[in-house]
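Participant: Make a model of this:
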Amino acid sequence: MSITHFKNTAHVALQTSSPVAVPLGTPVAETSVTCVERTDGVETGIWACTPGRWRRQIVAQEFCHFIEGRCTFTPDDGETLHIEAGDALMLPANSTGVWDIQQTVRKTYVLIL
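Facilitator: You can find the predicted model right below:
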């Protein structure tokens, strides 16, 4: 058995950085991520994003816990969710909508692929 231990996630150095795939205006948000583990259709990691608006492109089901920052997510078929540090979300597969990051966010995530 292998146990993944997220230790002090607010200070873990993230490995890769790139602009979001579908930005909506400026500033263009930059994402950073460290994939901790990917096995048997599940990916876990730590992700961060700077301020900006963009369309969500992930088709996998996702559970995430926000460690820091403030943002909103507006699903294409629903009402705007106001998210801040300490909040957690479960996004169903194929959830589409718009992220609006007001203050750089950092979260841990689990993708069910």
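Participant: residue ranges with poor pLDDT in the protein?
Facilitator: 1 (pLDDT under 70).
Participant: list the contacts for the nearest residue to Gly41 once chain neighbours are set aside?
Facilitator: Closest residue to Gly41 apart from its sequence neighbours, by CB to CB, 6 or more residues apart in numbering: Leu113 at 4.6 Å. Every residue, glycine included, has its C-beta placed from N, CA and C. By CB atoms under 8 Å, 6 or more residues apart in numbering, the residues touching Leu113 are Gly41, Val42, Glu43, Ala60.
Participant: which ones are touching the last one?
Facilitator: With contact set as CB under 8 Å, 6+ apart, Ala60 has these partners: Glu43, Ala93, Leu111, Ile112, Leu113.
Participant: Name the SS class of the second one, please.
Facilitator: Meaning Ala93. Classification of Ala93 by DSSP: H, G, I helix; E, B strand; the rest coil places it in coil.
Participant: In this structure it contacts Ile58, no?
Facilitator: No - using CB atoms under 8 Å, Ala93 is not in contact with Ile58; the gap is 9.0 Å.
Participant: all strands for this protein, in order.
Facilitator: 16-19, 30-39, 42-49, 52-55, 61-75, 81-84, 88-91, 97-112 (DSSP state E).
Participant: Present those strands as CSV; the columns should include mean neighbour count and distance to Phe6.
Facilitator: Formatted as CSV, these follow (neighbours: other CB atoms under 10 Å; distance: least, CB to CB, whole Å):
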stretch, mean neighbour count, distance to Phe6
strand 16-19, 11, 18
strand 30-39, 15, 7
strand 42-49, 18, 7
strand 52-55, 19, 25
strand 61-75, 17, 9
strand 81-84, 15, 19
strand 88-91, 14, 14
strand 97-112, 18, 6
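Participant: closest one to His5 among these?
Facilitator: strand 30-39 (9.3 Å; CB to CB).
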